[in-house]
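Q: Would you be able to build a 3D model of this:
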Amino acid sequence: MKKLFLAIPVLMLAASAFSQKLSQVSFSGATSLTSFSFLTDQNVLIRVSPDGKIIDYGSEVMSERSNNYFAPKLQPFMGRIDYYTADSDSAFKGKVKSIGTCVLTYYGSFEKDDKPGKLKSIGAIPLDYYTQFDNAAYKGKLRFAGTMVLAYYPALENEAFRGKLKSVGNTTLKYHSTFDDKLIQGKIKSIGSVAYNWGTSLDPQGQKGALKSGTYRSNINGVTFIIQ
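A: Next up is the predicted model:
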């Protein structure tokens, strides 16, 4: 019986860890990384900027006309939200402390490498960042989301994609270079096995720069990639 009681907290901790995860990666115009979204155990999405700041939180609203289109703005979370008090560390006083059952922590003012004030954990997911000693193209950006490694193209890469997100775990992202048509330079070429075909300057009016094949929302290796 004693072993059973000891096992319960372990199972609860494991369930919490698995219920909180990196859920989405969003881009603007198929070129610029805008956010990483984490899903809590209450199905609340927390959108975080590439450099570790909360952008928004809530739930997605699906269009009544299309089951693959969601409103860009999240529906506000109506549950309890707590904030760090005025006597907290200066790097995070006043910031969101918890959203429902999900507790958020931040790097304190004593930290180095521009970490003070950045998110340190979302629930059971620890977050860490590239430091001042890393490549200039991605220093300060999110590096680890739990065990998920995030990589970026270094400064020596082609101008069209240097500093851009290169991989999310085992999923590799590729972009069109400066050698490609000017309308598609820097746009996503593929995410994992999903290829994107964009209209070029040779295409008819209305198709120039538009997505010709691929999808604006793809679940790849358990993470949803969104192009807005």
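Q: residues touching the spatially most central residue of the chain, list them.
A: Centrality entry for the chain: nearest residue to the mean C-alpha point is F36, 1.1 Å, by CA atoms, centre = their mean. Residues near F36 by CB atoms under 8 Å, 6 or more residues apart in numbering: L22, Q24, V25, S26, R47, V48, P50, L142, A145, L150. For every residue, glycine as well, the C-beta is placed using N, CA and C.
Q: biggest separation within the residues you listed, which pair?
A: R47 and L150 (15.3 Å; CB to CB).
Q: between the two, who's got more neighbours?
A: Between R47 and L150, counted using other CB atoms under 10 Å, L150 has the larger neighbour count: 24 against 19.
Q: So that one, which state does it fall into?
A: Classification of L150 using DSSP: H, G, I helix; E, B strand; the rest coil returns strand.
Q: Just to check, it is in contact with Y129?
A: No: judged on CB atoms under 8 Å, L150 makes no contact with Y129 at a distance of 9.6 Å.
Q: shared neighbours of the two, anything?
A: K141, L142, R143.
Q: Scan the residues you listed and report the most crowded one.
A: Going by other CB under 10 Å, L142 tops the shared contacts of L150 and Y129 with 24 neighbours.
Q: Now do it against Y153, distance only.
A: Distance, L142 to Y153, by CB to CB, to the nearest Å: 15 Å.
Q: List the residues that contact the closest residue to E157 other than its chain neighbours.
A: With sequence-adjacent residues excluded and distances taken as CB to CB, 6 or more residues apart in numbering, E157 is closest to A137, at 7.7 Å. Contact analysis of A137 by CB under 8 Å, 6+ apart lists Y152, Y153, P154, A155, E157, R162, G163.
Q: number of nearby residues for the third one?
A: Which is P154. P154, neighbours per other CB under 10 Å, totals 14.
Q: Quick check: it touching K141?
A: No: using CB under 8 Å as the test, P154 is too far from K141 to be in contact (11.9 Å).
Q: before we move on, back to that, helix or strand: which one has the residue nearest to the centre of the chain?
A: In the assignment (DSSP states H and E), F36 maps to strand 32-39.
Q: Toward the C-terminus from that strand, list the very next helix or strand.
A: strand 45-48.
Q: C-alpha coordinates for that following strand, PDB please?
A: What follows is strand 45-48, C-alpha atoms only, in PDB (Å, rounded to 0.1, in the frame of the first residue of the first chain):
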ATOM      1  CA  LEU A  45      -2.500  27.800 -25.700                       C
ATOM      2  CA  ILE A  46       0.300  30.100 -24.600                       C
ATOM      3  CA  ARG A  47       2.000  31.900 -27.500                       C
ATOM      4  CA  VAL A  48       5.600  32.800 -26.900                       C
END
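Q: Phi first, then psi, for the residue nearest to E157.
A: Torsion angles at A137 (phi, psi; degrees, to the nearest 10) stand at phi -70, psi -20.
Q: and it, how far is that from K112?
A: 20 Å.
Q: Helices of the chain, start to end?
A: 2-19 (DSSP state H).
Q: Residue ranges in it under the pLDDT threshold?
A: Low-confidence segments of the chain (pLDDT under 70): 1-20, 64-67.
Q: so who does H176 touch?
A: A160, I184, Q185, G186, K187, K189, W198.
Q: Now flag whichever of those residues is closest to P76.
A: K187 (32.2 Å).
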